[in-house]
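Q: I would like to see how this sequence folds:
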Amino acid sequence: MFYNTNINRLPLVFKSNEGKNYFQFHINGQLASLEYDMVKDHCINLKRLEISKYLNRIEVGNALIERVMEYSLRGDFKIIPANPQIIKFLKKRPEYQKLIASEIESIKGHKV
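A: Just a heads-up that it's a prediction; the model follows:
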């Protein structure tokens, strides 16, 4: 398992592969990624989170999600949390509630 108090210093990498977009961390040769789509030029639909089995999935996942939330704040993006771990993360951190897109129902056709 990977335990690192400097995990928040890792660079956030943006990658596109086969028409899919990812936010990623590269840690000691291991990968953590969060798939996303842009919706209406101002919303980031956060989809599938994948963390290497050799990493601490909760710690690394939360660090990656937090970094994406900070990126969204700085870029004035709204987010669509389409992943259970992201929804759980947001419920525990009210400071990021303002990032949730208010038009989720019209964008996705359902309420998150």
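
Q: now Gln97: how far from Lys88?
A: 13 Å (Cβ to Cβ, to the nearest Å). In short, each C-beta sits where N, CA and C put it, glycine included.

Q: those two: which has the busier surroundings?
A: Comparing Gln97 with Lys88 by other Cβ atoms under 10 Å, the one with more neighbours is Lys88, at 14 against 9.

Q: can you point out the buried residues in the strand or helix carrying the more buried one?
A: If you go by DSSP states H and E, Lys88 is part of helix 84-91. Going by neighbour count (16 or more other Cβ atoms under 10 Å), the buried part of helix 84-91 is 85-86, 89-90.

Q: list just the nearest of those residues to Tyr54.
A: Gln85 (18.1 Å; Cβ to Cβ).

Q: mind listing what that closest one touches?
A: Neighbouring residues of Gln85 by Cβ atoms under 8 Å, 6 or more residues apart in numbering: 49, 61, 65.

Q: filter these down to the buried ones and hand me the PyMOL line.
A: In PyMOL syntax, the buried subset of the contacts of Gln85 is picked out as below (16+ other Cβ under 10 Å):
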select buried, resi 49+61+65
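
Q: quick one: which of the contacts of Gln85 is nearest Lys78?
A: Comparing those against Lys78 with Cβ to Cβ places Ile65 closest, at 15.2 Å.

Q: the closest one against Leu34, yeah?
A: Yes. Using Cβ atoms under 8 Å, Ile65 makes contact with Leu34 at a distance of 7.0 Å.

Q: so what sits against both of the two?
A: Counting by Cβ under 8 Å, 6+ apart, the shared contacts of Ile65 and Leu34 are 46, 49.

Q: bridge partners for the closest residue to Gly61 other than its chain neighbours, pull those for me.
A: Closest residue in space to Gly61, ignoring its immediate chain neighbours: Ile51 at 5.4 Å, by Cβ to Cβ, 6 or more residues apart in numbering. Per DSSP bridges, the residues bridged to Ile51 are Ala32.
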